[in-house]
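Q: Sequence first, then the predicted structure:
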Amino acid sequence: MNYVLALFLPPLSILLTGRVFVSIAVFIIWVPAILFSGGLTHPMFILLAWILIYQANADRRAQRYGRD
């Protein structure tokens with residue numbers, strides 16, 4: 001579900017992974033990038049959000065199985 005949200009609102013998706021400061025920084029950069037480039041930079045933010053979501057899920061799996 002979070003991956004689909006990242007398609008439309010990458011900063012909110014990053015916020016839901018628990019990375020508050022990264023989410024704020026992405027939002028500050030994302031809004032002007034969307035307005036000035038017409039959406040050409042949007043895939044970059046989607047990719048960043050997907051990487052952070054995957055990393056958060058991997059960390060959660062590692063904690064569940066007792067790995068560091």
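A: In hand now; what should we look at?

Q: Tell me the spacing between the nearest residue to residue 14 once chain neighbours are set aside and residue 12.
A: The shortest distance from residue 14 to any non-neighbouring residue, by CB to CB, 6 or more residues apart in numbering, is to residue 23 (4.3 Å). (Each C-beta comes from the backbone N, C-alpha and C, glycine too.) Computed as CB to CB, to the nearest Å, the residue 23 to residue 12 distance reads 8 Å.

Q: What of residue 56?
A: According to CB to CB, residue 56 stands 14 Å off from residue 12.

Q: For the residue minimising distance to the centre of the chain, list the residues it contacts.
A: In the chain, the centroid-proximal residue (CA atoms, centre = their mean) is residue 49; its distance is 2.3 Å. Counting by CB atoms under 8 Å, 6 or more residues apart in numbering, residue 49 makes contact with 6, 10, 13-14, 26.

Q: tell me which element it falls in.
A: Assigned by DSSP states H and E, residue 49 falls within helix 42-64.

Q: what does residue 13 give?
A: helix 10-16.

Q: So which bits of that helix are buried?
A: Buried residues in helix 10-16, counted by 16 or more other CB atoms under 10 Å: 10-11, 13-16.

Q: how far out from the middle of the chain is it?
A: Distance, stretch centre to chain centre, for helix 10-16: 5 Å (CA atoms, centre = their mean, to the nearest Å).

Q: Which neighbouring elements make contact with it?
A: helix 2-8, helix 20-37, helix 42-64 (3 or more CB pairs under 8 Å, 6 or more residues apart in numbering; DSSP states H and E).

Q: what would the ones you listed look like in a markdown table with mean pLDDT?
A: Shown next, in a markdown table, are those (pLDDT from 0 to 100):
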| stretch | mean pLDDT |
| --- | --- |
| helix 2-8 | 93 |
| helix 20-37 | 94 |
| helix 42-64 | 92 |
